[in-house]
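Peer 1: Any chance you could fold what I've pasted below:
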Amino acid sequence: MPLITSAGIGSGLDLESIIQASVDAEDVPKMNAFVKKEESLKVELSAVGEIKGALSKLQDTIEELADPDNFNKRIANITQPTSDDGDLISVSPTSNITPGDFNIEVVELAQGSRAVSNDGLFTSTDDVVTASGGTLSFAAGADKSFDLTIDAGATLAELRDAINDSDDNFGVTANIINTGTEAKLVLTSTVSGTGNDLVITNDNAELDNVSTVANAGGAGGIGISAENQAQDAVIKVDGIEITNDTNTFKDAVQDMTIVAKRQSVDGETAKLAVEYDRESATKLIDEFIANYNNVIGQLGFQSRVGKPLNSDATIRSLSAQLVNTLSTNLTDAGPFESIFDIGIGVKKDGYLEKSSLVRSLNTAMDENFDDIGKAFAGEGGLAKQFETLLGNYVDSDGIMKQRESNLNTQIKDLEDDVINHEFRMGELEGRLRKQYSGLDVLLAQMQSTQTYLSAQLSSLPGFTRNKS
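Peer 2: Alright, predicted model coming up:
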């Protein structure tokens, strides 16, 4: 008998619909449950992720609040002279400087020495400075020196290049100026400060013309005029004269570096005001308020009725811990016993706001700026307490991370359940097809037998078919 490839072909019954309905009755409710469960897990995972993200952002701000250096910054406001000659000074205050106002005048800039060869020694850059060679020794001050070996037959130009290319050179620059009738060697030293003039000696009298000191003693062929001698920088701070061998004055005003940029004209001064960096501290506190409120908003939104975290024990616990941490009693923070004493308040809905019920933030900064830093970054400060709390939730082994991992595991397990269910449905369909296939064949055989018998009976004498 031919193989029946589609259920119902043999019998004429709609067995395909019967099989499909049987499979659907088992499959559809289960798949709907899988889809609903997956959607619920993904919505919950998204909600946990949103809260974790808000907590992480708050944690970043708390880390900055926990750093005392962020409350120890000082800013220097400089009012430069009104002339068009450029800035007179620049300054860099440290966190230890006491705020104050200063008038600064630059009396003299520091300079290095400048040595020039005497008239009539060289006519061109090709003039030979030594026939047999030798060594030039350069020095400036107590600890700057280097030696330079000069080859036999070296020219003035070659000497210039050898000086500039020396790896040991401490800051001597060589140039040649052509006057039209002669070539003059010019050596400039970067070593500033009175008494630090460039000194050049040699071990061969042939090199006297390119030395400041002759081999046998006395003056060489290179001299330093009075205006080209190395000199100290001199500034006046509130009329007090201060001398330094460079233009950078460290601790002329304690804990501040002053750099002289140019010499004052007609006694002009720069006005310097050193202040607490209130703007940076205020910005950081504003960021804390905004990110804390973002967390409160996320907790409220993700746990409202109809949301997956509604009545969630973890969320309720976190909300309570945030409030308790915010209410921490501060220690060693001057007059500030709680965060509310520095001008921060809590509204009825749990959001933070700048408040003036006790005192405003500006007033607190005016009166006790250093203590504001201690209120946040001190050992008993608010930031230290929040660091511990937030770490418990958002660190790699924190509660929210574990919650995310658990949800992701459930989603993966659900995917495996779907695969297993689909396999079982395939097995069920196979069994049904096998069962109905047998029925289909049996019915087909019975129909065939009926047809055969009817044909045989109709051929018998006296057999008549009942007509209706």
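Peer 1: can you list the domains in the chain?
Peer 2: The chain breaks down by automatic domain parsing into domains covering 1-73+277-451, 74-110+232-276, 112-228.
Peer 1: how long is the shortest one from one end to the other?
Peer 2: Read it as domain 74-110+232-276. Distance between the boundary residues of domain 74-110+232-276 (CA to CA, to the nearest Å) amounts to 5 Å.
Peer 1: swap in the last one?
Peer 2: Looking at domain 112-228, the gap from its leading to its trailing residue is 8 Å under the measure CA to CA.
Peer 1: which stretch among the domains of the chain comes nearest L457?
Peer 2: Shortest distance between L457 and the domains of the chain, using CB to CB, is found for domain 1-73+277-451: 10.5 Å. (Each C-beta comes from the backbone N, C-alpha and C, glycine too.)
Peer 1: any idea of the mean pLDDT for that closest one?
Peer 2: Here domain 1-73+277-451 scores 84 as its mean pLDDT.
Peer 1: Now render the domains of the chain as CSV, adding mean neighbour count and distance to L457.
Peer 2: Putting these into CSV (neighbours: other CB atoms under 10 Å; distance: least, CB to CB, whole Å) gives the following:
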stretch, mean neighbour count, distance to L457
domain 1-73+277-451, 16, 11
domain 74-110+232-276, 16, 117
domain 112-228, 17, 125
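Peer 1: Show residues contacting stretch 407-423.
Peer 2: Identification of contacts with stretch 407-423 by CB atoms under 8 Å, 6 or more residues apart in numbering yields 27, 30-31, 34, 37-38, 41-42, 44-45, 48.
Peer 1: Just the ones in helices from the residues you listed, please.
Peer 2: Using DSSP state H, the members of the contacts of stretch 407-423 that fall in helices are 27, 30-31, 34, 37-38, 41-42, 44-45, 48.
Peer 1: Give the rounded mean pLDDT of stretch 169-187.
Peer 2: Averaging pLDDT along stretch 169-187 gives 97.
Peer 1: residues making contact with that stretch?
Peer 2: With CB under 8 Å, 6+ apart as the test, stretch 169-187 has contacts from 112, 114-117, 119-125, 127, 138, 140, 144-146, 156-157, 159-161, 163-164, 188-191, 198, 200, 210, 222.
Peer 1: Show only the entries of the residues you listed found in strands.
Peer 2: In strands, judged by DSSP state E, the following of the contacts of stretch 169-187 are found: 112, 114-117, 138, 140, 145-146, 188-191, 198, 200, 222.
Peer 1: Can you tell me which of these is closest to A230?
Peer 2: Distance ranking of these against A230, using CB to CB, places G112 first at 5.3 Å.
Peer 1: who's in contact with that closest one?
Peer 2: If a contact means CB under 8 Å, 6+ apart, then G112 has 140, 171, 188-192, 196, 198, 230 as its contacts.
Peer 1: and if you look at L322?
Peer 2: By CB under 8 Å, 6+ apart, the contact set of L322 is 292, 295-296, 389.
Peer 1: what is R114 paired to in the beta sheet?
Peer 2: With DSSP bridges as the criterion, R114 is bridged to T188.
Peer 1: Let's have the contacts of G112 in a markdown table, adding distance to A270.
Peer 2: Formatted as a markdown table, the entries for these read as follows, by distance: CB to CB, whole Å:
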| residue | distance to A270 |
| --- | --- |
| A140 | 30 |
| G171 | 28 |
| T188 | 28 |
| S189 | 29 |
| T190 | 25 |
| V191 | 27 |
| S192 | 21 |
| N196 | 27 |
| L198 | 32 |
| A230 | 25 |
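Peer 1: helix/strand/coil for the nearest residue to R304 once chain neighbours are set aside?
Peer 2: Nearest residue to R304, sequence neighbours excluded (CB to CB, 6 or more residues apart in numbering): N310, at 6.4 Å. Of the three states, N310 takes coil under DSSP: H, G, I helix; E, B strand; the rest coil.
Peer 1: can you check T149 too?
Peer 2: Classification of T149 into helix, strand or coil gives strand, according to three-state DSSP.
Peer 1: Could I get the pLDDT score of it?
Peer 2: Listed pLDDT for T149 reads 97.
Peer 1: how far away is it from F249?
Peer 2: Distance, T149 to F249, by CB to CB, to the nearest Å: 39 Å.
Peer 1: re the thing from before, can I get the domains of the chain in JSON lines with distance to S458?
Peer 2: Formatted as JSON lines, those follow (distance: least, CB to CB, whole Å):
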{"stretch": "domain 1-73+277-451", "distance to S458": "11"}
{"stretch": "domain 74-110+232-276", "distance to S458": "117"}
{"stretch": "domain 112-228", "distance to S458": "125"}
